[in-house]
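K.L.:
Below are the sequence and a predicted model for it; my questions follow.
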Amino acid sequence: MNKISKFFISLSMIVFISFCFCPIAKADIGPKPSISITLENIATDNYLIDLLVYDETGTNFASPLDYNGNGEQYSTLTGYNDLETITIAQLETLHGINYDGWISESTRWGSYLLFADCRGNSRHTHHFGYFGTPDTYRVIIIDNLTGEIKLSDVIHRKDFASSITLDVDTMTTVSKARVGNLFSNMISFAAVLLLTIAIEILIALLFKLKKLKTIFAANFISNSILQLALMLIPVPYMITFAIMEVMVILAEYFVYSKFFDETTKSKIIAYTLTANIVTGLLTFVVI
């Protein structure tokens, strides 16, 4: 078995492990902000939950009927799992919320910027994530049987991938150790990093480039910095993403130009642009 064959087998194993054992890697290539909520002391599974954000105009830009042309049901991503449905009537209820300027974030932009898990379930756990994940929000819970509405105080997201426990009796957050959050974020970071590197090396092979160790090292360093910047820099996600992608392309090209001979210069330019554009675009793709 030659080196290329062994490399392909190793690379395939990395991709397989990344997809099978890390939910965030299955969801998308790059790290995304998110909020996971676990409810305590809730007696029913028949409820709606949503994140409210403040807008002084109180304007909700989307219309419930925009989501589904047949006007019957609306599909929404539940965590990293399968699709569930929420009725148009329930969607209209969320869409119409306005408490002194606090309005529904899930219906604010439709399903384009925030994937929301708004329908009650027996696990009493919910996941909200993607580009529209708010930094400051309130949680609203509506009992579908009694119509009772409960609203939390203002909550500030402390982690890039935040996880909170909410006591429904008092609508206050329950203090939990953040070690689990940190560990989960580290696992997600590692899996996404490996998956990104695997894709970029596969593209390098398509370009028939050698010195894969150099390409691996350059991608490992540049993508580590990129993902850490996206998670740590308190700037709107899209702005950080655009700036860092340009910096990564320039940095990788600089490294490759030092290690590859002049005859492959045009190929290196094409590879660097292609690899980063592909992985950058895959950042926006959710399975």
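P.N.:
That came through, no problem.

K.L.:
Show me where the chain has its helices.
P.N.:
With DSSP state H, the ranges of helices along the chain come out as 3-21, 23-27, 88-95, 179-206, 212-232, 237-259, 265-282.

K.L.:
Pick out the shakiest of these, pLDDT-wise.
P.N.:
Ranked by mean pLDDT, the helices of the chain end with helix 23-27 in last place, scoring a mean of 38.

K.L.:
Tell me how this protein divides into domains.
P.N.:
When the chain is parsed into structural domains using automatic domain parsing, the resulting residue ranges are 3-28+180-282, 34-156.

K.L.:
Let me know the pLDDT of the closest residue to residue 137 other than its chain neighbours.
P.N.:
Using CB to CB, 6 or more residues apart in numbering and skipping residues adjacent in sequence, the residue nearest residue 137 is residue 51, 4.5 Å away. Glycine gets a C-beta too; all of them are placed from N, C-alpha and C. With respect to pLDDT, residue 51 has a value of 95.

K.L.:
surely residue 51 meets residue 134?
P.N.:
Yes: using CB atoms under 8 Å, residue 51 is in contact with residue 134, at 6.1 Å.

K.L.:
Those two - which one has more neighbours?
P.N.:
Taking other CB atoms under 10 Å, residue 51 and residue 134 do not tie; residue 51 has more neighbours (27 against 19).

K.L.:
how about the domains of the chain, which one is nearest residue 170?
P.N.:
Between residue 170 and the domains of the chain, the tightest spacing by CB to CB is seen for domain 34-156, at 8.3 Å.

K.L.:
Any regions of the stretch 51-200 of the chain where pLDDT drops low?
P.N.:
In the predicted model, the stretch 51-200 of the chain carries pLDDT under 70 at residues 63-85, 110-112, 175-188.

K.L.:
Let me see the ranges of the strands in it.
P.N.:
Secondary structure of the stretch 51-200 of the chain by DSSP state E, counting those that start in this stretch: the strands cover 73-77, 83-87, 98-99, 102-104, 115-116, 125-129, 136-143, 149-151, 155-156, 161-167, 172-174.

K.L.:
Turn the ones you listed into CSV, including distance to residue 193.
P.N.:
Supplementary listing: the strands of the stretch 51-200 of the chain in CSV, determined by distance: least, CB to CB, whole Å:
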stretch, distance to residue 193
strand 73-77, 23
strand 83-87, 28
strand 98-99, 41
strand 102-104, 34
strand 115-116, 22
strand 125-129, 18
strand 136-143, 28
strand 149-151, 39
strand 155-156, 28
strand 161-167, 15
strand 172-174, 30
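
K.L.:
Kindly compare burial across those and name the winner.
P.N.:
Mean neighbour count, computed with mean count of other CB atoms under 10 Å, is highest for strand 115-116 among the strands of the stretch 51-200 of the chain, reaching a mean of 24.

K.L.:
Adjacent strands (with direction) for that strand?
P.N.:
Applying DSSP bridges, strand 115-116 is found paired with strand 125-129 (antiparallel).

K.L.:
Just the C-alpha atoms of the strand it pairs with, please, in PDB.
P.N.:
This file holds the C-alpha atoms of strand 125-129, laid out as PDB (Å, rounded to 0.1, in the frame of the first residue of the first chain):
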ATOM      1  CA  THR A 125     -34.500  20.700  25.600                       C
ATOM      2  CA  HIS A 126     -34.300  23.200  22.700                       C
ATOM      3  CA  HIS A 127     -31.600  24.500  20.400                       C
ATOM      4  CA  PHE A 128     -31.400  27.800  18.600                       C
ATOM      5  CA  GLY A 129     -28.400  28.500  16.300                       C
END
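
K.L.:
and residue 106, what does it touch?
P.N.:
Going by CB atoms under 8 Å, 6 or more residues apart in numbering, residue 106 touches 50, 51, 76, 94, 114, 116, 118, 128.

K.L.:
Recalculate using a threshold of 7 Å.
P.N.:
Going by CB atoms under 7 Å, 6 or more residues apart in numbering, residue 106 touches 50, 51, 94, 114, 116, 118.

K.L.:
Neighbours of the last one, how many?
P.N.:
In this case it means residue 118. The number of residues packed near residue 118 is 25, by other CB under 10 Å.
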